[in-house]
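Peer 1: Quick check, what structure comes out for this input:
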Amino acid sequence: MITAASQTVGTSTPATAQRGRTYARRQTQPSLAPESGSFPCPGAIVDLLLAHRESQSVERQRAAQLWSEEGWIFADETGRAINPRTDWDSWKRLLATAGVRDGRLHDARHTAATDLLLLGVHERTIMSVLGWSTTAMASRYTHVITPIHNDLASRLDDLLWSGRGAPIEPN
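Peer 2: Residues are numbered from 1 along each chain as shown. The predicted structure follows:
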């Protein structure tokens, strides 16, 4: 169920070929909040997901008996998992249309982690949101950038000297 407070999502392991064998896709629940299978989602994203569900209902009706109900939030026009190449092509078109530098979809995880850090989100919360179990992943994905350093300097300034006037001059 999609609500303003939470969104339950399914993830998948894509089919992969290894030494001539193809392994089937499987749907799993993310480890974001194992006890509930859901995580907080901003209201604007909930609105977009609700609108997407409506458009998917239209696609389901249009496809009629060709529709395959596999439970994907994002699916092709017949309800099946999106082909990774199709997904990649759509991502590249989106970047070009938005006028954003070319990058891998995976790079968006670095951006998301760094944005959460900029918002002052605690490392453990970042780990939970992005599905990491170790702090090593947070270290790898979050990047301490200039605005974070500037915020730290400003906060230290407030902590050490606010209400006391100028700092004490050295002798």
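
Peer 1: Neighbours of residue 116, how many?
Peer 2: Residues within reach of residue 116, counting by other Cβ atoms under 10 Å, total 20. C-beta: built from backbone N, CA, C; applies to glycine.

Peer 1: now residue 40
Peer 2: Neighbourhood size, residue 40 [other Cβ under 10 Å]: 12.

Peer 1: is it true that residue 66 touches residue 78?
Peer 2: Yes: look at residue 66 against residue 78 with Cβ atoms under 8 Å: they come within range, at 5.0 Å.

Peer 1: Which one of these two is surrounded by more residues?
Peer 2: Each of residue 66 and residue 78 has its neighbours counted (other Cβ under 10 Å); residue 78 has more, 14 against 11.

Peer 1: residues contacting the more buried one?
Peer 2: 63, 66, 67, 68 (Cβ atoms under 8 Å, 6 or more residues apart in numbering).

Peer 1: most surrounded residue in those residues?
Peer 2: Going by other Cβ under 10 Å, residue 67 tops the contacts of residue 78 with 17 neighbours.

Peer 1: Which parts of the protein are helices?
Peer 2: 43-63, 84-98, 107-118, 123-130, 135-141, 146-161 (DSSP state H).

Peer 1: closest to residue 73 out of those?
Peer 2: The closest of those to residue 73 is helix 43-63. By Cβ to Cβ, the value is 7.4 Å.

Peer 1: Alpha carbons of that closest one, in PDB - could you do that?
Peer 2: Taking C-alpha atoms only, helix 43-63 is exported to PDB below (Å, rounded to 0.1, in the frame of the first residue of the first chain):
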ATOM      1  CA  GLY A  43       5.000  13.100   0.000                       C
ATOM      2  CA  ALA A  44       5.900  14.400  -3.500                       C
ATOM      3  CA  ILE A  45       7.400  11.000  -4.300                       C
ATOM      4  CA  VAL A  46       4.200   9.300  -3.000                       C
ATOM      5  CA  ASP A  47       2.200  11.500  -5.300                       C
ATOM      6  CA  LEU A  48       4.300  10.500  -8.300                       C
ATOM      7  CA  LEU A  49       4.000   6.800  -7.400                       C
ATOM      8  CA  LEU A  50       0.300   7.100  -7.100                       C
ATOM      9  CA  ALA A  51       0.100   8.800 -10.500                       C
ATOM     10  CA  HIS A  52       2.400   6.000 -11.900                       C
ATOM     11  CA  ARG A  53       0.100   3.300 -10.500                       C
ATOM     12  CA  GLU A  54      -2.900   5.000 -12.300                       C
ATOM     13  CA  SER A  55      -1.000   5.100 -15.600                       C
ATOM     14  CA  GLN A  56       0.100   1.500 -15.100                       C
ATOM     15  CA  SER A  57      -3.600   0.500 -14.600                       C
ATOM     16  CA  VAL A  58      -4.300   2.000 -18.000                       C
ATOM     17  CA  GLU A  59      -1.400   0.000 -19.500                       C
ATOM     18  CA  ARG A  60      -2.700  -3.100 -17.800                       C
ATOM     19  CA  GLN A  61      -6.200  -2.600 -19.400                       C
ATOM     20  CA  ARG A  62      -4.600  -1.900 -22.800                       C
ATOM     21  CA  ALA A  63      -2.500  -5.000 -22.700                       C
END
